[in-house]
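# One predicted model, sequence on top.
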Amino acid sequence: MRHWLLGFLWVLFFPAVSLAGDQFGGFRAYVNRDSLKPFARDLGALMGASTFHNGRPLGFSGFDVGVRGGMVLLPDARDKVLRDRGVKAYGLPWVQAEIGLPLRLDGYIRGISYQGLTIAGGGLRYGLTKTADKPLKPQFLIAASAHSLAHRYFSASHFGGDLIASIMVKGVTIYSGAGVDRTRVVVRTVPVRDASLEGESEAALGSRFTAGVSLRPLKYLYLHGAYMLVSEQSGFSCGCGIRF
């Protein structure tokens, strides 16, 4: 089991980790006024990804600690920041900690700091249905999240919302979600292509749809993986952790 888990982490998280410090390094060289909004939308797709893997609340005093990752396979065609940099797939890893609160509420925090890129965020989830662990019993959550990002060339803020559903079938949890992301990017340096953009900002809305499965190979250990559709681009999210 240990070797299987290490293999899972290597295959699914190594691409995101290897890209995280460099994929946005072309911002100053390639951004222009027309590409700022598509870049904000692409960035928001990652910041809102992989926040959930179950439609069931944790329950009071429950907790969940794990590593998550999200990856989009192709930037928007108008996103020159990533396209002109030669980035074809882009992603981010996360560390996320959750705690169960009273009244079917969950709270969570998440973040990453890697090679000049720092993101911190969190959110709340509320269970729309009574908590149950019975097979074929649907569970539903609504969730809201917020993130702040700092990079040497730009900063960003993100707000997202999700409707999440899950059902357990033969010990496997099948989950799905539909969400929206609003991301605002602020230019912090003088761009090469358009110096007038310094200090300017742009906001963008994007959609996000998720469908995946979550497994428990051990009593408290979970693994999850999902397909994402973010503003007409395909992607994946995954994670593993300990959940009580």
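That came through fine. The model shown is predicted, which means the values in this text are computed figures rather than measured ones.
# separation between the closest residue to Glu202 other than its chain neighbours and Asp42?
What sits nearest to Glu202 in space, not counting adjacent residues and going by Cβ to Cβ, 6 or more residues apart in numbering, is Leu36, at 4.2 Å. Heads up, the C-betas are built off the backbone N, CA and C, glycines and all. Distance, Leu36 to Asp42, by Cβ to Cβ, to the nearest Å: 11 Å.
# one step back: so what's the residue nearest to Glu202 up against?
Counting by Cβ atoms under 8 Å, 6 or more residues apart in numbering, Leu36 touches 185, 187, 197, 200, 202.
# Swap in 10 Å and give it another go.
27, 78-81, 154, 185-187, 191, 194, 197, 200-204 (Cβ atoms under 10 Å, 6 or more residues apart in numbering).
# Just give the closest residue to Pro135, not the sequence neighbours.
Nearest to Pro135 is Met168, by Cβ to Cβ, 6+ apart, at 5.2 Å.
# quick one: average confidence on the helix or strand containing the one you found?
In this assignment (DSSP states H and E), Met168 forms part of strand 154-169. Averaged across strand 154-169, the pLDDT comes to 97.
# can you give me the strands for the protein?
Under the criterion DSSP state E, strands of the chain are mapped to 63-72, 90-101, 105-114, 117-127, 139-150, 154-169, 172-187, 201-215, 221-230, 233-243.
# If Met228 is in a bridge, with which residues?
Thr210, Gly235 (DSSP bridges).
# gap between it and Tyr175?
Applying Cβ to Cβ to Met228 and Tyr175 gives a distance of 12 Å.
# Fine by me, thanks again.
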